[in-house]
Each structure stands twice: as structure tokens, then as C-alpha cells.
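Novice: next input, structure requested:
(one chain, ligands or ions: 1)
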Amino acid sequence: MTPLFVANWKMNKGLAEAREFSSEFTALFKSTGQVDAGIAPVLSSFQTLKESLGELDGLMLGGQNVHWEVNGAHTGEISVGMLAELGAKFAIIGHSERREFYGETDEAVAKRTAAALAGGLTAIVCVGETQQQFEAKETEKVVRDQLKGSLAKVEVKDPSSLVIAYEPVWAIGTGLAATPEIAQNVHQLIREELAGIIGKDSAAKTRILYGGSTKPENIAELMEKPDVNGALVGGASLKAESFNSLIEAGRAADK
Ligand code: PEP
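Specialist: Model prediction:
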């Protein structure tokens, strides 16, 4: 399956910085003919980025969140149709920062995911345990429960449009990535749990990304593991050169 490397810019890069990134990245990025890279910018930079990166094959833009309703009284939210209208192809859903700081529940993640898939977006659903849960050896239970809750009643017709991101909270932005062995163990259990939810064949075709302090120097060892199908990248995606190097190193190391 085509690996996928997605930049999560969080609340970074307004217009000027997005333009600067774009001109550098356009000069570096080489498409493989498959869509294997994505950027989720702040929405105010979306259109500018779309215009400046528009000619790049192999790269898609997406949202950092999406709501399940079509429109209405939901201050601060955006619907699937509105994101799609901008040109978004995917949405990140249930990122740990949304879960931790904005009270995002598995139930809401499931509604967002169902709406994204029904509206033709690829849904990147994030799961992952906190440091405390990791130390208490609760990773497996937490990740299985999050996955079940986040996909409850979600109809997955096409497994290529569902992507799971395993992001241990203790590895996000800390410089301390999970070891390839830890990542592989958790990705394997995610695929196993997924098989029970969407069926074995679909689970085998679902990409599972690793996220948490990835960089050009450590992506290869992660990508060598059988169940690691790409990365969700925060800090290392903010510089065009490092995001592009990470993509190239990740592609080269993919099984
Ligand atoms: C993230 O927040 O999705 C992330 C993976 O961040 P970082 O790469 O900076 O750890």
C-alpha cells in the first residue's frame, strides 16, 4: 500500500509563512505518481497554500478537524462540505490535543469520522496513550478502547479512505519518539482490533501512521516495521526541507 506522510501544522503558519514554505517545498518535492503526502494547515492559510502548491501531484491538503453537521450553530467548527469545497481531501480527527485540551470524546470522534467518510474525505483518526497510561502499562487497553469508541457505528466502505494514526502522547513534541519495536507492537494490535471492527481484509488495507517526534533521521527505522505505513508529523513538518527529507527517507525505507 502507498505510504502516507502528513504534516499537522497545528496553529502555526499564517499567510506569509505558508507562502514561504510553499515556494521552498515546491522546489523540493518529487511526486512518485501516488498521493503520499499531505498538509493540514490552519484554515486561513488553506487557499493560499492550495494556489501555491496547486500544481504538485502527489500532495493533498486537509483539515485538522471536521464537524458532523452540515451547518448550523456550531461556533468554531467547519463541516465536511465546507472543507471539501476548499479543496480538502482529508481531515485529522481526534488528535490528542483536541482530546486533552478541548474535551473531545470517542463519541464525537466517531461522529466526525462517519461524516468525513460519508462526505468523501479521508479520515485520519488519532489514538494514543498518555505518559501515565504508558507507565501503568495500559497502552493496549487504552488504544483498543479508543479505536472501538472512535469507530463505533462508522461505515467504512473503502479502507483506503480510513487512516489510523497511533500517536503516543508522551512522544508528541517531546523529541522522544517511540522505539520502532513499541510502534510495531501497537500498530499490530491496532490492525488486529480493526479486523474485528471492519473485517480482516479491510484492516489489512488500512494505513496505520505513527506520530510523535518523527524526523528525517528516525523515520527509516520506523518505516521498516511491517505495520508502520507512514507518519503524522508535527514539528519536523514546519520546515520544507525537513518535511521533504522525511518523506524521501520514509519512502526509501518502506517495505
Ligand atoms: C503531532 O502532534 O501530531 C505530532 C506528531 O507532533 P510531533 O511530530 O511534533 O511530535
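
Novice: which parts of this structure are strands?
Specialist: Secondary structure of the chain by DSSP state E: the strands cover 4-8, 37-40, 59-63, 90-93, 122-127, 162-166, 207-211, 230-233.

Novice: deepest-packed of those strands, please.
Specialist: strand 230-233 (a mean of 29; mean count of other Cβ atoms under 10 Å). All C-beta atoms are positioned from the backbone trio N, CA, C, and that covers glycine.

Novice: that one: how far from the chain's middle?
Specialist: Taking Cα atoms, centre = their mean, to the nearest Å, one finds the center of strand 230-233 at 6 Å from the center of the full chain.

Novice: go on, stretch 72-92?
Specialist: When distances are taken as Cα atoms, centre = their mean, stretch 72-92 is centred 16 Å away from the chain's centroid.

Novice: that stretch: which residues count as buried?
Specialist: Buried residues in stretch 72-92, counted by 16 or more other Cβ atoms under 10 Å: Ile78, Ser79, Val80, Met82, Leu83, Ala84, Ala88, Lys89, Phe90, Ala91, Ile92.

Novice: could you do stretch 192-208 as well?
Specialist: Applying a neighbour-count criterion of 16+ other Cβ under 10 Å, one finds Glu193, Leu194, Ile198, Ser202, Ala203, Thr206, Arg207, Ile208 buried in stretch 192-208.

Novice: correct me if wrong: Ala236 contacts Gly211.
Specialist: No: applying Cβ atoms under 8 Å, one finds Ala236 not in contact with Gly211, separated by 10.6 Å.

Novice: ok so, going back, of the buried residues of stretch 192-208, closest to the ligand?
Specialist: Ile208 (14.0 Å; Cβ to the nearest ligand atom).

Novice: please tell me how far that closest one sits from Gly230.
Specialist: 8 Å (Cβ to Cβ, to the nearest Å).

Novice: repeat that for Lys200.
Specialist: According to Cβ to Cβ, Lys200 stands 21 Å off from Gly230.

Novice: re earlier: got the strands of the chain as CSV, with mean pLDDT and distance to the ligand columns?
Specialist: Shown next, in CSV, are the strands of the chain (pLDDT from 0 to 100; distance: least, Cβ to the nearest ligand atom, whole Å):
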stretch, mean pLDDT, distance to the ligand
strand 4-8, 98, 4
strand 37-40, 98, 9
strand 59-63, 97, 13
strand 90-93, 98, 8
strand 122-127, 98, 7
strand 162-166, 98, 7
strand 207-211, 98, 4
strand 230-233, 98, 5
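
Novice: now those in CSV, with distance to Glu224?
Specialist: Output for the strands of the chain, formatted as CSV (distance: least, Cβ to Cβ, whole Å):
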stretch, distance to Glu224
strand 4-8, 15
strand 37-40, 19
strand 59-63, 24
strand 90-93, 25
strand 122-127, 22
strand 162-166, 16
strand 207-211, 12
strand 230-233, 13
